[in-house]
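J.: below: sequence and its predicted model.
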Amino acid sequence: MRHYTLPEDFFFGAAMSGPQTEGAWRIGGKLENMWDTWSNESIDAFHNRVGSYVGNDFMARYRGDLDIMADLGLTSFRTSIQWSRLLDANGELNPQGAAWYHRLFAAAADRGLEVFVNLYHFDMPTYLFRRGGWESREVVEAYARYAQIAFREFGDEIRTWFTFNEPIVEPEQRYMTGVWYPQLHDFSRSLTVRYNISIAHCLATERFRQAQAKGEMRDDARIGLINCFSPSYTKDDPSEADLEAVRMNDGLNNRWWLDIVRDGTLPADVIETLEQRGQRLPHRPGDAQILQLGPVDWLGCNYYQPSRVQAPDAPTDSYGNPRFADAYVWPEARMNTSRGWEIYPKGIYDFGMKCKRDYPGLEFFISENGIGIEGEGRERGGDGRIEDSYRVEFVRDHLAWIARAIDEGAACRGYHYWALIDNWSWANAFKNRYGFIEVDLTQGYARRAKRSADWLKEVVATHIVR
Ligand code: BGP
């Protein structure tokens with residue numbers, strides 16, 4: 001079988017987030033976030049009625065988990081600071097929350113692991129949600145202050161920062177598709193949320209630059225944004241309307257964020273189409289200048305599946321929202337049937353080539369990629385370890401396409417697998433297992449390496465993918 005070699009300075013690591021792992025939801029002065037509140041109010045919304053409270057018990061087990069990462073040869077991992085843990089209800093530093101993150105970062109440094117810090121992973125503090133959440137510009141300002149406090153507190157420990165993970169997800173899942181609390185179907189409100197998150201990203205980036213100028217950050221500090229950049233594809237023989245659907249899908253999911261982080265602008269053609277459909281952005285005077293603050297030092301690309309679309313079969317949905325694209329199932333699609341997501345490793349190459357062509361100079365890394373399997377664990381070896389050859393195949397195929405993109409000039413610098421250790425995943429809780437390391441819920445969250453971990457260790461050591 002052909003094998004691929006990744007560059008020597010290509011880095012391997014893993015991604016996770018605070019709310020999905022830490023647990024200790026009421027310990028150390030932590031406030032409730034929306035996941036805790038929704039768990040309290042509607043536990044039936046969560047798979048097997050498992051709410052946010054314990055995560056994967058990381059706060060209790062972090063030393064052992066960091067040992068696992070170091071033993072695999074990883075050199076970095078990403079997690080998120082929880083806004084609801086770092087600040088109190090007055091927006092001031094919560095010393096106990098800060099102490100936890102200092103402890104974590106020091107323990108990682110002791111093991112030669114660089115921590116990439118993300119500031120927001122779908123986890124709005126509840127009291128701010130009650131004040132309007134991302135629909136409120138006051139909350140946007142509160143986020144910028146939170147970012148400023150985090151930069152000041154950890155600026156000399158952390159090199160690599162991100163303002164947001166997947167900023168398209170909350171407007172979609174909370175305000176449009178009705179999947180997450182408050183389960184709305186309102187395009188116009190989702191557009192406000194999307195726009196305000198964009199402004200929040202720009203203001204946090206400005207605070208970062210100010211902290212840099214004041215000497216509060218490490219000299220090599222860098223700021224970025226992470227999004228799920230899924231290339232948009234349509235039918236093999238598309239109509240004009242199908243191509244239009246691709247333009248809007250790509251415009252809203254990809255170009256919107258790429259334009260902000262590269263040029264400090266929003267894509268004019270997307271705004272024009274939105275306006276033609278009666279959808280206006282909640283612009284305020286001075287916002288064009290704020291958007292100009294958006295460019296970052298580099299980018300994280302989460303890639304799980306391609307986005308396949310076709311012309312919508314009606315201009316509006318049953319709630320009266322405008323429709324720009326419908327999902328399209330490619331007849332040749334290979335599916336991860338348990339998660340319902342298409343497996344299309346070439347998409348990662350196409351994203352790299354798009355960046356090279358349309359956004360030259362923008363460096364990125366793959367900030368999440370992984371395969372979640374429902375009901376994993378039925379197949380085990382004699383030693384009790386989960387046999388997960390499909391995980392090896394999935395990661396190998398994606399890494400091979402990354403290697404090819406790099407060979408052809410894509411500026412991809414590294415790879416973080418989601419998630420090294422099984423974790424709690426929002427309303428899906430522990431339904432889809434992603435880890436190279438199993439978390440056994442029947443044994444008090446005990447960790448056990450799956451068979452694929454042996455393969456990962458070898459790839460990380462050799463940079464050879466086979
Ligand atoms: C990404 C999120 C992660 C994680 C992952 C898997 O979009 O950034 O937080 O949840 O998806 O999601 P799921 O468990 O629903 O398959």
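T.: Received it, and whenever you're ready, just let me know what you need. Residues are numbered from 1 along each chain as shown.

J.: okay, now Arg145: neighbour count?
T.: Applying other C-beta atoms under 10 Å, we find 15 residues neighbouring Arg145. For the C-beta atoms, the positions are set from N, CA and C on the backbone; glycine is no exception.

J.: now the closest residue to it other than its chain neighbours: which helix or strand?
T.: Excluding the flanking residues, the one nearest Arg145 by C-beta to C-beta, 6 or more residues apart in numbering is Gly91, at 6.0 Å. In this assignment (DSSP states H and E), Gly91 forms part of neither any helix nor any strand.

J.: okay, Gly91: pLDDT?
T.: With respect to pLDDT, Gly91 has a value of 98.

J.: what's around it, how many residues?
T.: 15.

J.: got the residues of this protein near the ligand?
T.: 17, 20, 165-166, 228, 302, 339, 368, 372, 418, 425-426, 428, 432 (C-beta under 6 Å from any ligand atom).

J.: now, which of these lie within helices?
T.: Gln20 (DSSP state H).

J.: may I ask which of the residues of the chain next to the ligand comes out lowest in pLDDT?
T.: The minimum pLDDT among these falls on Arg339, with 91.

J.: am I right that it is in contact with Asn432?
T.: Yes: counting by C-beta atoms under 8 Å, Arg339 touches Asn432, with 5.4 Å between them.

J.: now the common contact residues for the two.
T.: Common contacts of Arg339 and Asn432 (C-beta atoms under 8 Å, 6 or more residues apart in numbering): Gly372, Ile373, Glu374.

J.: who wins for most neighbours among these?
T.: Going by other C-beta under 10 Å, Gly372 tops the shared contacts of Arg339 and Asn432 with 22 neighbours.

J.: apart from its chain neighbours, what residue comes closest to it?
T.: Asn432 (3.0 Å).

J.: quick check: bridge partners of the one you found?
T.: Glu374 (DSSP bridges).

J.: so where do the helices sit in the stretch 51-200 of the chain?
T.: 58-72, 83-86, 95-110, 126-129, 137-154, 169-170, 187-213 (DSSP state H, counting those that start in this stretch).

J.: ok, now how distant is the residue in the stretch 301-450 of the chain positioned nearest to the ligand from Glu170?
T.: Residue of the stretch 301-450 of the chain nearest the ligand, by C-beta to the nearest ligand atom: Ser425 (3.1 Å). Note on Ser425: its distance to Glu170, by C-beta to C-beta, to the nearest Å, is 15 Å.

J.: quick check, Pro19 in contact with Glu32.
T.: No: between Pro19 and Glu32 there is no contact under C-beta under 8 Å: 11.1 Å.

J.: and the two? Which one has more around it.
T.: Pro19 (25 against 18).

J.: give the contact list for the more buried one.
T.: With C-beta under 8 Å, 6+ apart, Pro19 has these contacts: Asn33, Trp35, Ser52, Gly55, Ser80, Gln82, His121, Phe122, Asp123.
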